[in-house]
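> Got a sequence here, can you model it:
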Amino acid sequence: MPDIQDPLFKNYSMGGLNLPSRIVMPPMTRSRASQPGDVPNALMAEYYAQRASAGLIISEGTWISPLGKGYAWTPGIHTAEQVAGWRLVTDAVHAAGGRIFAQLWHVGRLSHTSLLNGQSPVSSSAIQAQGVNVFVADADGKPGFAQASMPRALSVDEIHAIVDDYRQAARNAMEAGFDGVELHAANGYLVNQFIDSNANNRTDEYGGVLENRLRFLGEVTRALVEGTGDAGRVGIRLAPLTTLNGCEDADPETTYLGAARLLADIGVGYIHIAEADWEQAPHMPVEFKQRLREAFPGTMIYAGAYTAERAREAVAKGWADLIGFGRPFVANPDLPKRLRTGAPLALHERETLFGGGERGLTDYPTLETESAEA
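Below you'll find the predicted structure:
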């Protein structure tokens, strides 16, 4: 039997929500929204409801406006039909006893003209993400990957309009029944394209010195607080050391401690750190994590190839409050139960991660169904 003092299963209060464990299902793109219209559907509702035993679910990235889309068949939260589709999801999760935040997403330059009705992607600067591929579909619906298109730099007026889009997306998320929202400001997407020095060569108030590069993050975050009406129900995902999708910063510790202090001043509920988790990825020292904890008094979530043992250690040592388990949640809908009992974890089918139907999405067994079939 597991230790009843298991740090992963101590209750946690965040933004007025009582979380039954420290286990988070982080955002994972699955590309199964209904076409046309990129509308969330009943299959997605079943998928999320199956995983409602997580302490908190954060939805797959959901784009806030047509120019924010960067991958085929991903859901939006821009139209009335999309909002209604997400209501199916949140109702199903809540009926199963869960809690779910919407991850709000604008990919910026990580898109392709075929996804944008022939328009160029937009970014902080006209710098292409060289060697970065995005998931597209041809006229016959056949999926594949293509080099991200050359972006154009946003004007200041356009930046202000995107801030408004985020505010409206937060309102839409609350109308759809989400418990809160998370801003995707990591992994090379639009907000990250303003923050990281090598992706931003602007010379106006949104580029150059750190204060300017953090300006868009601050404006969007405040818009999300206004849209939800509750700073405690707003989280921000950051990736200080990742080089994913072509973004990299010259002095990440200074940059991201600055971001953490800015978010502390605004009073958001949590920061969600996406650690680089691929082979030979940059290592994030514990000392950096401790300095982030000192800079930001709210909830700290970490995700990135955590095992149950590493997660328990992170929570016990105090630099993390919650831990995201991404890929393990794909094939283990009852992951918290498996972690609690030490049961073996199933492995996901890589070829079913993006696109398709129920196979590789909702057909993974729980421990109970495995026992019944044995």
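> Okay, strands next: where are they in the stretch 51-200 of the chain?
Here the stretch 51-200 of the chain has its strands, by DSSP state E, counting those that start in this stretch, at 56-63, 100-105, 122-123, 133-137, 143-147, 152-153, 180-184.
> any chance of those in JSON lines, with mean pLDDT, distance to P336 and mean neighbour count too?
No exception for glycine: its C-beta is placed from N, CA and C like everyone else's. Below are the strands of the stretch 51-200 of the chain laid out as JSON lines (pLDDT from 0 to 100; distance: least, C-beta to C-beta, whole Å; neighbours: other C-beta atoms under 10 Å):
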{"stretch": "strand 56-63", "mean pLDDT": "98", "distance to P336": "11", "mean neighbour count": "27"}
{"stretch": "strand 100-105", "mean pLDDT": "98", "distance to P336": "15", "mean neighbour count": "28"}
{"stretch": "strand 122-123", "mean pLDDT": "98", "distance to P336": "38", "mean neighbour count": "24"}
{"stretch": "strand 133-137", "mean pLDDT": "91", "distance to P336": "30", "mean neighbour count": "19"}
{"stretch": "strand 143-147", "mean pLDDT": "91", "distance to P336": "32", "mean neighbour count": "13"}
{"stretch": "strand 152-153", "mean pLDDT": "98", "distance to P336": "44", "mean neighbour count": "17"}
{"stretch": "strand 180-184", "mean pLDDT": "98", "distance to P336": "20", "mean neighbour count": "29"}
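> who wins for proximity to N332 among those strands?
Closest approach to N332 among the strands of the stretch 51-200 of the chain (C-beta to C-beta): strand 56-63, 13.9 Å.
> Could you check the angle that closest one makes with strand 100-105?
30 degrees (axes from the mean of the first three to the mean of the last three C-alpha atoms, to 10 degrees).
> for strand 56-63, the distance to its chain's centre please.
6 Å (C-alpha atoms, centre = their mean, to the nearest Å).
> Could you name the helices and strands sitting against it?
When contacts are defined as 3 or more C-beta pairs under 8 Å, 6 or more residues apart in numbering; DSSP states H and E, strand 56-63 sits against strand 23-25, helix 80-95, strand 100-105.
> Export only the CA atoms of it, formatted as PDB.
Output in PDB follows, covering the C-alpha atoms of strand 56-63 (Å, rounded to 0.1, in the frame of the first residue of the first chain):
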ATOM      1  CA  LEU A  56      -6.200  19.600 -12.600                       C
ATOM      2  CA  ILE A  57      -6.500  19.300 -16.400                       C
ATOM      3  CA  ILE A  58      -5.200  21.900 -18.700                       C
ATOM      4  CA  SER A  59      -6.700  21.600 -22.200                       C
ATOM      5  CA  GLU A  60      -4.800  21.200 -25.400                       C
ATOM      6  CA  GLY A  61      -3.800  24.500 -26.900                       C
ATOM      7  CA  THR A  62      -6.900  26.300 -28.300                       C
ATOM      8  CA  TRP A  63      -6.300  29.100 -30.700                       C
END
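> what angle separates it from helix 80-95?
170 degrees.
> Now do strand 56-63 and strand 180-184, the angle between them.
Using the same axes, to 10 degrees: strand 56-63 against strand 180-184 is 60 degrees.
> wait, which of the helices and strands packed on strand 56-63 is closest to G131?
Nearest of the helices and strands packed on strand 56-63 (C-beta to C-beta): strand 100-105, 21.5 Å.
> partners of that closest one, with directions?
strand 56-63 (parallel), strand 180-184 (parallel) (DSSP bridges).
> Same list (those) but as TSV, adding distance to D230.
Putting those into TSV (distance: least, C-beta to C-beta, whole Å) gives the following:
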stretch	distance to D230
strand 56-63	15
strand 180-184	8
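> possible to save the strands of the stretch 51-200 of the chain as TSV with distance to T255?
Output for the strands of the stretch 51-200 of the chain, formatted as TSV (distance: least, C-beta to C-beta, whole Å):
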stretch	distance to T255
strand 56-63	22
strand 100-105	21
strand 122-123	18
strand 133-137	25
strand 143-147	27
strand 152-153	20
strand 180-184	16
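> So for E219, which of those sits nearest?
strand 180-184 (11.2 Å).
> centre of the chain versus that closest one, how much separation?
7 Å.
> Alpha carbons of that strand, as PDB, please.
Output in PDB follows, covering the C-alpha atoms of strand 180-184 (Å, rounded to 0.1, in the frame of the first residue of the first chain):
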ATOM      1  CA  GLY A 180      -9.800  29.200 -15.500                       C
ATOM      2  CA  VAL A 181      -7.300  29.800 -18.300                       C
ATOM      3  CA  GLU A 182      -3.600  29.300 -19.000                       C
ATOM      4  CA  LEU A 183      -1.600  31.500 -21.400                       C
ATOM      5  CA  HIS A 184       0.700  29.600 -23.600                       C
END
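> looking at the strands of the stretch 51-200 of the chain, which is closest to Y306?
strand 56-63 (14.9 Å).
> mind checking which helix or strand of this protein has the lowest mean pLDDT?
helix 367-373 (a mean of 76; mean pLDDT, DSSP states H and E).
> Spit out the contact partners of P252.
Under the criterion of C-beta atoms under 8 Å, 6 or more residues apart in numbering, the neighbours of P252 are 240-241.
> please redo it, this time with the cut-off set to 10 Å
P252 sits next to 195-197, 238-242, 259, 282, 284, 288 when contact means C-beta atoms under 10 Å, 6 or more residues apart in numbering.
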